[in-house]
Each structure stands twice: as structure tokens, then as C-alpha cells.
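> Would you be able to build a 3D model of this:
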Amino acid sequence: MTKLIEGKHKSIYVYLLLALMLGSLMLGYIHTLVVATIFILYFFVILNKYEKGVVCAFCLCSLLGFFLILWKIPLPGTVISFVILLLFVRKDVLSMFRNNLSLRSFLYPVYILFVLFILYLLTGRTEYSDEKMRVMIVNFIVSGIGLLLLVSFKNINMQKLAPIFFIESCFWIVFGIDTFRNFQPSNLFDFSFFRKMCTSTSTDDVLSISYHTVGLASLSALSYFLCGKKKLKTADYIFVLLCFWVMLISGARQAIFGGFLVLFVYITTSKGSFKISRLILSILFLCVAYYILQSLQIDYLQDIFSSSKDFDSRLNRNYDYPLDIIRNNFLFGVGFGNYYNPFTEEIYPHNIFLEIFCEFGFIGFCLLMLPIVFFISSRRFCLRNKLANDASGLILWMPFLVRALISDDLSGNIVVFSSFFIFFYNSGISQRKISGL
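Predicted structure coming up:
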């Protein structure tokens, strides 16, 4: 089965099976247990231990967290995922941290976390800020190990990793269909039902499913798939279209935007060197994509294109309030975890830069941006850096960046800092491959 996944000419059968699975669950022919079984079998049979570790860090956390709460098991999903990760790669984690690259690249995000912890001690200490700091530290550790696995081991196959993130997104869709019987897809191309289902059931503290989770899982599948591809073959277009199909079903506009951004970066950089012709091709691709999305007549997309709505309404965001906070608390901000919008009852402004400026002010913003400026100006920074398996760090970074600019708070988006330093830290490919692998 593993050879089937890796085969150059047989991969089309895998993509067709994934298309069959998605179509079947949309039409009600298969249900949650079937997709869960496919996920489990793929995880244990297809993936090697390093790939399993990556899945534990970036996929199992949300899955286990949701079902542990649903089953009223008082254990954090992220911690359980981390324990499972260590069971697979416990010896290799030690070898990673004995590697000079891992230590050097990890010092930058450690500084970011240290500054955030000091700011928390000085300005936070509320119930929410305490929880935010705890979640941030756990996410920092788990995602950090996952990122170091990605950059350190050359036998991590990105084309094998991509399908499991796609299967994860399908699992959330079929779970929602089976759970909420009032919201069912009318056909294979019903791109409205899932978002409506998620927003209508969002008040349920236990069974609330986020359409962003589905969209970002398919976006991750796309980025993992493309980051190691020099050239797309005919069969590869099937998987790319499947990822966009799921993004449209999810209703997550940030994922759809991120998907086109990933393709833009891939088209521009896939040949290794910058060419103006590829940039023009990428821009033309975005123009075509814009008109295709506009012609689909999907409600949640038409809101973006509507000329009768202001910018905030189009994006379903309120940016006036955070900008007022910045103006009134320019130097020091309101403090760690103290952001609250009484008009929308939001506890973060859905943009990492606005969040940093609101909570830490200009001074805190400069403290957090200092290592980024220092790193970019150093010889170690390389935007076109390749991982140990020759995958593009830039394409892998895109989903983290998109999420940080549009949703979640610092406790979840701490990974955008970690991945920036780890993916773009260049010390030569020969030094990045852990010995013995």
C-alpha cells in the first residue's frame, strides 16, 4: 500500500479513491465510522514514525481535543497527542536537539515566548490570560517538535502526509452530516450547507464544529502536497481540485484565499529561480480564480464581492474597535489577554499584528519584532530555504500565516513565529540531515 502511495504512475488511483470517499459521504453512502477507519488505517499502515509524529503535532490535537470533551474525559487533547508523538519519535527528539541547527533555529522562537511570558507577568494575570498562556506554552512545545521533525528528517514524504490531512477534513464533514440531521447536502456541489450548519450550531459548547478547522485541514493537505513538487503531473491536478472542493464545502473563506495564495507561491517559485514570466502567469491565474469564484454564486463568497457592503462587513470582521484600542493605548496596550470587544464579544481581533499592538502596544510590538528583523538581516535567513527532504519551507509556512492574519489568537498562532524561524533558517542542506537517516 505504501508503494501505491509513492508510485509515480499509480498515485492517480489513490486520488480517485479519495474523490470516491468524498463523493460518497456527500451523498450519504458512507458515514463517520468508515472515514474514521480509513484515517486510522492510513495513519498506522502508510506513514512512517516521523510522519506519524508530524500528524500528532498538527492533526491529532484538534481531533482528540474535540472527542475527549465530547466524551467528558478530563484530559487535554494536545497533551495526549504529544505523548503519542513521543512514543513514536522519543529517541529522535533527543537527536534533533543535539543537532546545532535545531538549537540555533529554536532560540529565536524561545525568545518570542520568553518576551510574551514577561509581558504576561507584567500586564496579564486574569483568568483568561492565565488560560491563554497555558495553551500557548503547550502549543509552542508540541508544534515546535512537529516543525523540527519536518525540517530534520529527509525520509518524511510530503505526498504521503497530504492525504491524511485531506481525510481529516472529510471526517469533520461526515461527522457533521451524521450529527446534525437538519443540515444535509443537497448534491455533490452544495457549498453552502456546511457553513450554515456550523454557524447555526455554534452555541453548542460540546458539539460545535468549526468550518475553519475543515478548511484549514484541506489547505494543509494542499501545502504538504505542493511543497515537494517540482512539476505537477496530470494525476496531481485531481488532488489539487479535491482540496479546493473541500475548501468550498467548508465555507472557510480564509482557507479558499490561502489555497489560491499557496498556488500563487507554488507557480512563482517551483522552478527554483525567480522569473518574471512565472510571476505574470501567477497573476493571471489569480485573476481567473477571482472570476471563477465570483461566478459560483455562493452566498458566503458573494458577501466579499458585494459593492454595497463596507470592508468590515465583507470580511465579517470588526477592525474599527481594535484600531480605537491602539489609538487610546498606543505605547503599552491593554495587557496580555485583556482584549475584549463588547460589541462582538470577541476576545481577540482576528489578526495577529492587531492583537500584538492592542495587548502590548508599540513597545511590546517592537520587542516581539526585534528578533524577526535581526533574523531577516542575518545570513541565516533564506526565504527559498529547503527542508531536509527538499520541500519548500515557504509553501509549508503559508497556512500558518493565513490563519494568523485572519483568525485565532496568539495561543494558537504562536506557531507562525516558530515556523518562520525554523523553516527559513538556512545552514546548508547537508548539515540539516540528521545522521543515520
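
> Give me the secondary structure label for Pro185.
What DSSP: H, G, I helix; E, B strand; the rest coil gives for Pro185 is coil.

> Next one: it from Leu17, what distance?
20 Å (Cβ to Cβ, to the nearest Å). The C-beta positions use only the backbone N, C-alpha and C, and glycine is treated the same way.

> same thing with Gln302?
For Gln302, the distance to Leu17 - Cβ to Cβ - is 34 Å.

> thinking again about what came up before, more neighbours: Pro185 and Leu17, which one.
Applying other Cβ atoms under 10 Å to Pro185 and Leu17 shows that Pro185 carries more neighbours, namely 19 against 13.

> pretty sure the more buried one contacts Leu25?
No: with contact defined as Cβ atoms under 8 Å, Pro185 does not reach Leu25; the gap is 9.0 Å.

> Quick check: neighbours shared by those two?
Among the neighbours of Pro185, those also in contact with Leu25 (Cβ atoms under 8 Å, 6 or more residues apart in numbering) are Ile177.

> Can you list the low-confidence ranges for this structure?
Residue ranges of the chain with pLDDT under 70: 1-10, 99-102, 204-206, 272-274, 303-317, 427-437.

> which SSE is Cys287 in?
Cys287 belongs to helix 276-295 when elements are defined using DSSP states H and E.

> got the buried residues for that helix?
282, 289, 293 (16 or more other Cβ atoms under 10 Å).

> Reformat the residues you listed as CSV; add distance to Leu41.
Formatted as CSV, those follow (distance: Cβ to Cβ, whole Å):
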residue, distance to Leu41
Ser282, 38
Ala289, 35
Leu293, 35
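
> for those, which one is nearest Phe193?
Leu293 (18.2 Å; Cβ to Cβ).

> Please tell me how far that closest one sits from Leu248.
Counting by Cβ to Cβ - Leu293 and Leu248 are separated by 9 Å.

> which residues are in contact with both of these two?
Ile256.

> neighbours around Ser378, how many?
10.

> Okay, it and Met96: tell me how far apart.
Distance of Ser378 to Met96, given as Cβ to Cβ: 22 Å.

> what do you get for Trp71?
33 Å.

> which of these two has more neighbours?
Met96 (19 against 9).

> My guess is the more buried one contacts Ser152. True?
Yes: with contact defined as Cβ under 8 Å, Met96 reaches Ser152; the gap is 5.2 Å.

> How about Tyr111, nearest residue that isn't a chain neighbour?
Leaving aside its sequence neighbours, Tyr111 sits nearest to Pro371 (Cβ to Cβ, 6 or more residues apart in numbering; 5.1 Å).

> typo on my end, it should be Phe58
Gly146 (5.5 Å).

> ok, now how distant is that neighbour from Asn413?
15 Å.
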